[in-house]
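>>> Requesting a structural model of the entry that follows:
(one chain, ligands or ions: 1)
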Amino acid sequence: MDDGGAQRFDDLSPQEVRVLGCLVEKEATVPDTYPMTLNALRTACNQSTSRDPVVSYGDREIEVALNSLRARGLTRVVHSTTNRATKYKHVLPETLELGKAETVLLSVLMLRGAQTPGELKTRSERQHRFKTPDDVVTVLERLAGRPEPLVRELPRQPGQKDPRWIHLMSPVAEPEVGAPVARAVAASSRPVPPDGVAGYATIAEFADLLAGDLWETVELVLLDVLAGLEPTSGPLVDVGAGTGVGLAAVHRAAPGLRVVAVEPSPAMRVALHARLVDAPELLAATTVVPTQLAQANLPDRAAAVLAVGVLGHLDDAERTKLWRYVSTSLRPGAPCVVSLVAPSRPAAIPSLRVGERQVGRNLVEGWTSAEPIDERSIAWTQRFRIADPNGLTLREANATVAWRCDGVDDLRAEIAPHSLELTEHEGGVVVVRRRG
Ligand SMILES: C[S@@+](CC[C@H](N)C(=O)[O-])C[C@H]1O[C@@H](n2cnc3c(N)ncnc32)[C@H](O)[C@@H]1O
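Numbers count the residues shown, from 1 in each chain. From the prediction side, this is the model:
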């Protein structure tokens, strides 16, 4: 987006957010030792109280964050005349034109993630006294009403009395580290969290590394249902093809079948195209449609349809488009293979480690978690980390996307009006076909 050259502050790294939050906090709570040394900052960042998440950053990470914050005009270096120690201070109010109360609330959000006005009132007490939670809301609304909003109210969750607020200084606003709403989320005009495309921009680099073993199950089903398909009956349409992890399996199950891969995320398409370039037979057979299903111009006839790990991203109109397509463009008996993803009902899922991969000397790890948004959907968060051999975090990436939960019975009821029926297979895989 063209911002006319104005500097934006919505893409700070988790380390930059933590460092900035600590500088603001310690300026008010321990003014005697402010500005702060690198040592003091490391201790403040890694504090086990008043921090969410608790982290263990090393000096190098903090230095990198400080350098980048300084380059962006958010911190300054102060050279002490007494002991020649290098110290650091923030200049958040000057750079962002913030008042005291605004700066304090922003810092508490940066340090502790999504919080209600009541929590913010209590937790900011040592820095600034708000009389009531309503006073907190007034300041939050001011921050949210800026041309480039710095905070945002999250939609209230079922059973939740007060809404929670997040800061928008980073691409990973909070619920994600609970239900981290990617900045892309927050930046979007849609309700938080965002659709299924925006989040993949942040995490596409990890998609293949930690792809899991879902495709082993899907391939077994494909070997069965694609056997004997006539390549002349049309291509296989892969909705939400991602990085093309499954293309080789499709090819093994139905050699010679052409594929139309619908993939809207440019980041995922980078990996998809790289995969195609490496496999000349797939490159020749795969047509990439770079749009969401809603805008996709699909072939009149298809041999089969694939929707793996994508159904929950589709909105109602896209789902109707999908089922109509399966019902009118596939031959009777031709399969639409869908993988359903747990949970089948909105539920909170605490952070689960989904895998790790050694890449050279570094370790890449991934976690997933979820929080209910409403009676149909969850905010689904994926977190990744690259660590060096000493355990030092080199990179963290999070994304939260909205995901509609489906159970087999929901799906059966949804497809019935389109004269479709389904059969269940292992691992949440279902095959939808025209009713015979
Ligand atoms: C979890 S990934 C699954 C990728 C792939 N099917 C696989 O099994 O590896 C979901 C993919 O759906 C894509 N997606 C999200 N919303 C979509 C939409 N409305 N239409 C088509 N694809 C979408 C995302 O960009 C992402 O690549």
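
>>> Can you name every helix or strand that the one helix or strand Leu272 maps to contacts?
Assessed by DSSP states H and E, Leu272 sits inside helix 266-278. For helix 266-278, the packing partners by 3 or more CB pairs under 8 Å, 6 or more residues apart in numbering; DSSP states H and E come out as helix 200-207, helix 280-285, strand 286-289. Where C-beta positions appear, they are placed from N, C-alpha and C, glycine not excepted.

>>> Kindly export the second one (C-alpha atoms) in CSV.
Listed in CSV are the C-alpha atoms of helix 280-285, where the atom choice follows Å, rounded to 0.1, in the frame of the first residue of the first chain:
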residue,chain,number,x,y,z
PRO,A,280,9.4,-30.8,-15.3
GLU,A,281,6.6,-33.3,-15.5
LEU,A,282,4.6,-31.4,-12.8
LEU,A,283,5.5,-28.0,-14.4
ALA,A,284,4.0,-29.1,-17.7
ALA,A,285,0.9,-30.6,-16.1
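
>>> Mind listing residues that contact that helix?
Outside of helix 280-285, the residues within contact range by CB atoms under 8 Å, 6 or more residues apart in numbering are Gly244, Leu247, Ala248, His251, Gly256, Leu257, Arg258, Val259, Arg275, Leu276, Val277.

>>> Produce a PyMOL select command limited to the buried residues of these.
Filtering the contacts of helix 280-285 down to the buried ones (16 or more other CB atoms under 10 Å) takes a single PyMOL command:
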select buried, resi 244+247+251+257+258+259+275+276
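
>>> Reformat the contacts of helix 280-285 into CSV and put pLDDT next to each item.
What follows is these, written out as CSV (pLDDT from 0 to 100):
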residue, pLDDT
Gly244, 96
Leu247, 95
Ala248, 92
His251, 93
Gly256, 90
Leu257, 94
Arg258, 96
Val259, 97
Arg275, 97
Leu276, 97
Val277, 97
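
>>> Take the contacts of helix 280-285 and lay them out in JSON lines including distance to Val337.
Formatted as JSON lines, these follow (distance: CB to CB, whole Å):
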{"residue": "Gly244", "distance to Val337": "16"}
{"residue": "Leu247", "distance to Val337": "14"}
{"residue": "Ala248", "distance to Val337": "15"}
{"residue": "His251", "distance to Val337": "15"}
{"residue": "Gly256", "distance to Val337": "18"}
{"residue": "Leu257", "distance to Val337": "13"}
{"residue": "Arg258", "distance to Val337": "17"}
{"residue": "Val259", "distance to Val337": "13"}
{"residue": "Arg275", "distance to Val337": "20"}
{"residue": "Leu276", "distance to Val337": "21"}
{"residue": "Val277", "distance to Val337": "26"}
